[in-house]
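*Asks:* Next input, structure requested:
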Amino acid sequence: MDRRENALDIFEKKFLMDYIQAVLSVDINIQINVVKDFMLRFALNDNSYVDNIFIRHFPMELLFKIHSTVLGLTDIHNKTDMEILLFNIFTFIYRNRNLLTDSTAHGIIIIIVEYIKNIGRLSFLYPKGLMDSIINCVSNENNKILFISENAVLNFYFAFMPIKFSHKFWKVCETVYNIDSNCIVSFSHDKLQDKTDEIMNRCYTTSEECAVLLFEYFQMLYRFGWLNVVEFSIDKLYVMTNMILLRHIDKPEKFYPKYLINLSKIWTGILNEASNKIIDSIDKLAIFAAIFSIHLSKKLQKLCISGKFMATKNIKLRYYIIYFTLVSSPVIDHESKPWLRKVLWDLNNSLQMFIEKKNIRYLKTSDQFLLYQFYVKCHDALYLKIPTRDYDLLDVFCGKLENIRSLSKIY
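*Replies:* Purely as a prediction, here's the structure:
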């Protein structure tokens, strides 16, 4: 006998046997009551044997009835009751992770996702543990695929407007869009294009929550390498980026939301692949310089603790845009953009800390050159004096450049 079955007392075992017999009834109302009683009895129980009994003997007639009713195909007078029952069943099944790969349980997810897609706001109070159950549900990669394919995260957001459980909702959002990159084969180009169009149009508002959801989705496209494959409005994404950045940029650096880093990665991916001109004004140059400065400042702070600096293609692109902004500093209206000097100052401080804490002379010469060149230009544009210690390091490095053909001409 299964040890999980042994963990049940005699009354629980009898209850399970009664459930198996009772759900065979042809009366839907009896099936509903039996299922409700089962969920009430074992709501706090985490036993895979119990859960398997529940799902293995779940009445298919009831499942079909729920499906047709909540979608408004039949018996619309009992629709609200069936909607509540559907969410209670989902919440019960995924209160733990025992049934993540079960096909019947997956069928419940399909009904939920289809239902959410076709409604506006929920007209009833959803179960208390629903968000926790969704978190468990999307821990499975196949369920993430379903959520992405049907834009379920977006639809859940507009159905719930989850203020009370917002931290849990954003955990769902992050978990779903952090899907394994190997799962890209599960999505067709046309499917992702449709979902990108939908999420772009519905999230193009002044709502910060919609912006965050949009950025999480685009971070997934960035990881997939699909930013140059899926078509979208760069202008709309820029408007959302500009709006969110300016809402937070005056905060102390440590209070920046982490999705600003995602924005840096997203725009790096776009700029690396874009064939059209994106940065076509000083205003846009300043915005991108600010986004990249925030990201690089955070990265340098982490590298001060552990890690090795490597000037990758993406890092170089960010540095060059910031560097060009420093060169353009005299023609930038800093009075209307006081935040630009702030983020550049923060970046300079992080760079100075990195140079002082890390033995920079052990980096590749080309990487040293990039950092020192940037460091000097920061001080020049911000009217800062280079400390004597750093000046001595620069003097030694510049002496080395004379022997490096590729860099000596630049120097």
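*Asks:* What does Leu71 show for phi and psi?
*Replies:* Backbone torsions of Leu71, given as degrees, to the nearest 10, read phi -90, psi 0.
*Asks:* elements contacting the strand or helix carrying Asn314?
*Replies:* Assigned by DSSP states H and E, Asn314 belongs to helix 313-327. With contacts defined as 3 or more C-beta pairs under 8 Å, 6 or more residues apart in numbering; DSSP states H and E, helix 313-327 has these neighbours: helix 259-273, helix 282-305, helix 338-357, helix 365-381. All C-beta atoms are positioned from the backbone trio N, CA, C, and that covers glycine.
*Asks:* got the angle for the longest one vs helix 313-327?
*Replies:* Read that as helix 282-305. Interaxial angle, helix 282-305 versus helix 313-327 (axes from the mean of the first three to the mean of the last three C-alpha atoms, to 10 degrees): 120 degrees.
*Asks:* likewise the last one?
*Replies:* Orientation note: helix 365-381 sits at an angle of 30 degrees relative to helix 313-327 (the same axes, to 10 degrees).
*Asks:* right, and the helix or strand after helix 365-381?
*Replies:* Using DSSP H and E, the helix or strand that follows helix 365-381 in sequence is helix 388-401.
*Asks:* Report the buried residues of that next one.
*Replies:* By 16 or more other C-beta atoms under 10 Å, the buried positions in helix 388-401 come out as 390, 393, 397, 401.
*Asks:* could I get those as JSON lines with distance to Val50 and pLDDT?
*Replies:* Below are those laid out as JSON lines (distance: C-beta to C-beta, whole Å; pLDDT from 0 to 100):
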{"residue": "Asp390", "distance to Val50": "66", "pLDDT": "75"}
{"residue": "Leu393", "distance to Val50": "67", "pLDDT": "73"}
{"residue": "Phe397", "distance to Val50": "68", "pLDDT": "76"}
{"residue": "Leu401", "distance to Val50": "72", "pLDDT": "73"}
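*Asks:* buried residues in the helix holding Asn314?
*Replies:* Applying 16+ other C-beta under 10 Å to helix 313-327 flags 314-315, 317-319, 321-323, 325-326 as buried.
*Asks:* How far does it sit from its chain's centre?
*Replies:* Averaged C-alpha coordinates place helix 313-327 at 26 Å from its chain's average position (C-alpha atoms, centre = their mean, to the nearest Å).
*Asks:* outside of that helix, which residues touch it?
*Replies:* Residues outside helix 313-327 that contact it (C-beta atoms under 8 Å, 6 or more residues apart in numbering) are 264-265, 268, 271-272, 279, 285-286, 288-289, 292-293, 295-296, 299, 311, 332, 340, 344, 347, 370, 373-374, 377-378, 380-381.
*Asks:* do stretch 81-91 as well
*Replies:* With C-beta under 8 Å, 6+ apart as the criterion, stretch 81-91 contacts 32, 35-36, 39, 65-66, 69-70, 75, 108-109, 111-112, 115, 122-124, 126-127, 129-130, 133, 137.
*Asks:* export it as PDB, just CAs?
*Replies:* Output of stretch 81-91 as PDB, limited to C-alpha atoms (Å, rounded to 0.1, in the frame of the first residue of the first chain):
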ATOM      1  CA  ASP A  81     -22.400  29.600 -10.000                       C
ATOM      2  CA  MET A  82     -20.400  27.600 -12.600                       C
ATOM      3  CA  GLU A  83     -17.800  30.400 -12.900                       C
ATOM      4  CA  ILE A  84     -17.200  30.300  -9.100                       C
ATOM      5  CA  LEU A  85     -17.100  26.500  -9.200                       C
ATOM      6  CA  LEU A  86     -14.500  26.600 -12.000                       C
ATOM      7  CA  PHE A  87     -12.200  28.900 -10.100                       C
ATOM      8  CA  ASN A  88     -12.600  26.900  -6.900                       C
ATOM      9  CA  ILE A  89     -11.700  23.700  -8.700                       C
ATOM     10  CA  PHE A  90      -8.600  25.300 -10.300                       C
ATOM     11  CA  THR A  91      -7.600  26.800  -7.000                       C
END
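*Asks:* before we move on, back to that, kindly reformat the helices and strands packed on helix 313-327 as TSV and extend each row with mean neighbour count and distance to Lys13.
*Replies:* Formatted as TSV, the helices and strands packed on helix 313-327 follow (neighbours: other C-beta atoms under 10 Å; distance: least, C-beta to C-beta, whole Å):
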stretch	mean neighbour count	distance to Lys13
helix 259-273	20	50
helix 282-305	20	55
helix 338-357	18	63
helix 365-381	18	68
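*Asks:* Adding mean pLDDT, write those out as a markdown table.
*Replies:* Below are the helices and strands packed on helix 313-327 laid out as a markdown table (pLDDT from 0 to 100):
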| stretch | mean pLDDT |
| --- | --- |
| helix 259-273 | 93 |
| helix 282-305 | 94 |
| helix 338-357 | 91 |
| helix 365-381 | 88 |
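*Asks:* Now those in a markdown table, please, with extra columns for distance to Arg95.
*Replies:* Listed next are these as a markdown table, based on distance: least, C-beta to C-beta, whole Å:
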| stretch | distance to Arg95 |
| --- | --- |
| helix 259-273 | 30 |
| helix 282-305 | 37 |
| helix 338-357 | 45 |
| helix 365-381 | 51 |
